[in-house]
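[1] Here is my input; please provide its structure:
(chains A and B)
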Amino acid sequence: MNHPADNPVLEVRELSVGYKNTPVLRGLNFAYERGQFISLLGPNGAGKTTLLRTLSRHLPPVSGAIQVRGRPLEKLSALELARIMAVVLTDKITPPLLTVEEFVALGRYPHTDYLGRLRPEDRARIHGALDDVRAGYLRQRQFSDLSDGERQKVLIARALAQEPQLLLLDEPTVHLDLRHRIEVMTILRDLCRHQGITVVASLHDVDVAAKISDRVAFIKNSGMMAWGSPESILTAGSVAELYDFDQAVFDSALGGLEIRGSVTAGRVFVVGGMGSAAAVYRMLTKKGFAIATGVLQQHDLDFHVARALGADCISVEPMEPVNGAGLDQARRLLATCDLVVDTGFAVGPANQGNVELLTTALAQGKTVLSLRENGAALLSGAGSAHLYPCRDADQFLHLLDSTVLTNAMQQEEHA
Amino acid sequence: MSSTADLSIAPMQGTFLSRRPLLVFCLLICATVLLLLLNVAIGSVQYSFSEILAVLRAPFDTSTASAIIWNIRIPRAIAAVFGGAYLAASGLLLQIYFRNPIVGPYILGISSGATLMVSFVMLTTVSAGLTMLSPYLNTLAAFIGAYVVMLIVLAVANRVGGGATLLIVGLMMGYLCGAVSAILTALAEKEKIKGFVLWQLGSFSGFKWNEITLLLLGGGLIIVLLYCLSKPLNAFLLGEEYAASLGVNIRRFRLLILLCSCALAGMITSMAGPVAFIGMAVPHMARLSFGTSDNRILIPGACLMGAVVTSLCDLIARSVMAPVELPLSAITAFFGAPIVIFLLLKRRVKL
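    Numbering: from 1, shown residues only, chains lettered A, B, ... in the order given. As a prediction, this is how the structure comes out:
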């Protein structure tokens, strides 16, 4: 995808953007290459829209230079620019009595004669643009009757009818349902890959941006905080700083956000591994439990989820057996917990220590909820009076609620 | 990419000049011609068909019949056709410009501005000494009034935006202009008042041939220019920002739209007085009957529709209570107001 940097589609140097000489963003330097997908990320009001409007010449730059294919933006005529750059804006437009086909045909403006008459090649391009956004079936529908998702696809088709090399989109997925959100994003990615169009979009979904973009720009604090490939600059720390939140954590290995909760219930020790615990962690977090977990091998899926959720996590090096110091640490941690969960992890020679943890817990009289198919068989012998087998997540959640109650009652009795 | 086979089965509906617009155009042209003839044939003095034919065959005869038909009825019929056409075109432009379906030259106060300036000319003596210009003085005054009000409405619209606000500003401008006109009327001499009041009711009577020439040449030129602008006007359906991104020079184009729109509305108002609702309702009637927003169809379409509606209204105004002539604006209001209410109820238009 990385073409040599000798001819960027768009390049800015020391650009400041804003309104009436009051810069919103300062000192921007970047180049957009052919066929790249560029995401602008940042909180509301950071200046993403202002930047896009400046790049599309709806706003004059406060200072600095913008070059489109090696030529200064201000030197291009309106029609020349329209043949290179197309935009999809956020304002809701509802021109009455236009079919989708007529609407998309308006995008041929820079290519048609003074009356805007359509030649066969114009029609071919219009139909091609509708097919590119998988909206060919909408051709004869009234534009004003479309749903938000259909409308967005048609707006992109209209932009494509301009045959642009650069496509700027302001929040293209906002207000869309999940299906159209994914559809619009994959359409845009395909435009980059198959037609070499450079796509610049301001987005709010960090996880989607991470998975689709070639370059990501962090827009915040009147400048570009970071610029680079999502793999290099999207980290838990940078995302939290960008959006100023601590309720959720971005994990680049998981490629998404884990939502943390405030602790309102007791403390649970989860014995898991190999991905068996990820869903359990999330359920416990939703219910307001504090989580301790172990012993996990590092870079296990569970390890990433547990860390993102802020669990006390005991781990060993990848491929190392669970024993020794790690196991001792886990035992001490387990002793401080009110409840133990067996996630039903696969048992093998490397994690016999975890089975030991469970039997120890039962022997100590801890309540153990087990999601294992035949938990009783594995853990038999140890005081199974406190072993509660769960068939599925629903039963687990149900038991969680009831044991919380009984535990609370027991604590009152002790007091 | 679509294949050739795909192209060949693409239905032709929605393409430039497909069947429906063609049919509507034919109907409207027939209706225009028919109404033009009726307006010449029908009047308070009744002539038989053969008499009219004879007069038409021998123009500028010295008979009374010839005078009535050639100097009163024909100019009036032509004025109604073109007056309606231009008002409709003006309204269409304003609706595209403001992206608001309920605007028109009358509603936005443009007609009131023209009325105000005309009242200055007709009711006061400020025009004394300008007798050389007198045939064109009304027109000039109407232009100035139209543009001044337009500028004020624009200035406010730029600040606040929003359809309802725009309408209220237009209405208020109308009231203000009306107030000044009323004061001028109170202070004016009696014989001047009568002329002004008659003019203010709106009527296509009393058009002279030199006015008709001005109407045809000046207005015709603007309509041709507008037709050449139909491509950027179509781009404007998407709003200014999209239009700019498509390659329209927005600043120049905005100016051109407003100049044309005010020129058309001002010209008609100066000659025929303020005529309500044609500018607002007719573009909708055209849009619905042609089933499109494509201005390459709508500009001629709205003009024809305006011609038909205005001719019909004029015919009704003249003939229903003949020999008493009803004010034209009253008849157009009977047409226009229900249409606007209907459109709002049908949710075809939004404020």
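[2] So, low pLDDT: which residues of the chain?
    The chain I'm using is chain A. Counting by pLDDT under 70, chain A has low-confidence residues at A:1-6, A:375-376, A:380-384, A:403-405, A:407-415.
[3] My question was about chain B, not that one.
    Judged by pLDDT under 70, the stretches of chain B that qualify are B:1-18, B:60-61, B:125-135, B:160-163, B:347-351.
[4] Next up, the contacts around the residue nearest the centre of it.
    In chain B, the residue lying closest to the centroid (CA atoms, centre = their mean) is B:L87, at 1.0 Å. Taking CB atoms under 8 Å, 6 or more residues apart in numbering or on different chains, we find B:L87 in contact with B:P105, B:L264, B:A265, B:I268, B:V275, B:I278, B:G279, B:V282, B:G306, B:T310. To be clear about C-beta, it is placed using only N, CA and C from the backbone, and glycine gets the same treatment.
[5] Checking it next. Helix, strand or coil?
    helix (DSSP: H, G, I helix; E, B strand; the rest coil).
[6] so how far is B:P105 from it?
    When distance is defined by CB to CB, to the nearest Å, B:L87 is 7 Å away from B:P105.
[7] Mind listing the shared neighbours of these two?
    With CB under 8 Å, 6+ apart, B:L87 and B:P105 have common neighbours B:L264, B:A265, B:G279.
[8] so who does the second one touch?
    Contacts for B:A265 were tallied using CB under 8 Å, 6+ apart; they are B:Y86, B:L87, B:S90, B:P105, B:I110, B:S111, B:A114, B:A146, B:G279.
[9] Quick check: which element contains it?
    Applying DSSP states H and E as the criterion places B:A265 in helix B:250-272.
[10] List the buried residues for that helix?
    Within helix B:250-272, the residues scored as buried using 16 or more other CB atoms under 10 Å in any protein chain shown are B:250, B:253-254, B:256-258, B:260-272.
[11] Go ahead and name everything in contact with stretch B:243-261.
    A:56-58, A:77-79, A:81-83, A:85-87, A:106-107, A:109-110, A:162, B:89-90, B:93-94, B:96-97, B:105, B:110, B:150, B:154, B:222, B:225-226, B:229, B:232-233, B:235-236, B:238, B:240.
[12] what's the spacing between that stretch and its chain's center?
    Stretch B:243-261 sits 21 Å away from the centroid of its parent chain (CA atoms, centre = their mean, to the nearest Å).
[13] Buried ones only from the contacts of stretch B:243-261, please, as a ChimeraX command.
    Entered in ChimeraX, the line below selects the buried ones among the contacts of stretch B:243-261, by 16+ other CB under 10 Å:
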select /A:56,57,58,78,81,82,83,85,86,87,106,107,109,110,162 /B:89,90,93,94,96,97,105,110,150,154,222,226,229,232,233,235,236,238,240
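[14] Narrow the contacts of stretch B:243-261 to those in helices?
    A:78-79, A:81-83, B:89-90, B:93-94, B:96-97, B:110, B:150, B:154, B:222, B:225-226, B:232-233, B:235-236, B:240 (DSSP state H).
[15] What segments of the stretch 51-200 of chain B are helices?
    Counting by DSSP state H, counting those that start in this stretch, the stretch 51-200 of chain B has helices at residues B:64-66, B:74-97, B:110-123, B:134-160, B:163-187, B:190-200.
[16] okay if I get those helices as JSON lines plus distance to B:G291?
    Putting the helices of the stretch 51-200 of chain B into JSON lines (distance: least, CB to CB, whole Å) gives the following:
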{"stretch": "helix B:64-66", "distance to B:G291": "44"}
{"stretch": "helix B:74-97", "distance to B:G291": "16"}
{"stretch": "helix B:110-123", "distance to B:G291": "29"}
{"stretch": "helix B:134-160", "distance to B:G291": "29"}
{"stretch": "helix B:163-187", "distance to B:G291": "24"}
{"stretch": "helix B:190-200", "distance to B:G291": "37"}
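[17] can you tell me how far the residue of the stretch 51-200 of chain B found nearest chain A sits from B:H284?
    In the stretch 51-200 of chain B, the residue that lies nearest chain A is B:P101 (7.5 Å; CB to the nearest CB). Counting by CB to CB, the gap from B:P101 to B:H284 is 7 Å.
[18] contacting residues for residue 78?
    Defaulting to chain A. Contacts of A:A78 by CB under 8 Å, 6+ apart are B:A244, B:G247, B:V248, B:N249.
[19] The intended chain is chain B.
    Taking CB under 8 Å, 6+ apart, one finds B:L36, B:F207, B:I212, B:L215, B:L216 in contact with B:I78.
[20] Next one: the closest residue to the first one other than its chain neighbours from B:L38, what distance?
    Nearest in space to B:L36, with sequence neighbours left out and distances taken as CB to CB, 6 or more residues apart in numbering or on different chains, is B:A77 at 5.2 Å. For B:A77, the distance to B:L38 (CB to CB) stands at 8 Å.
[21] Alright, that wraps it up for me.
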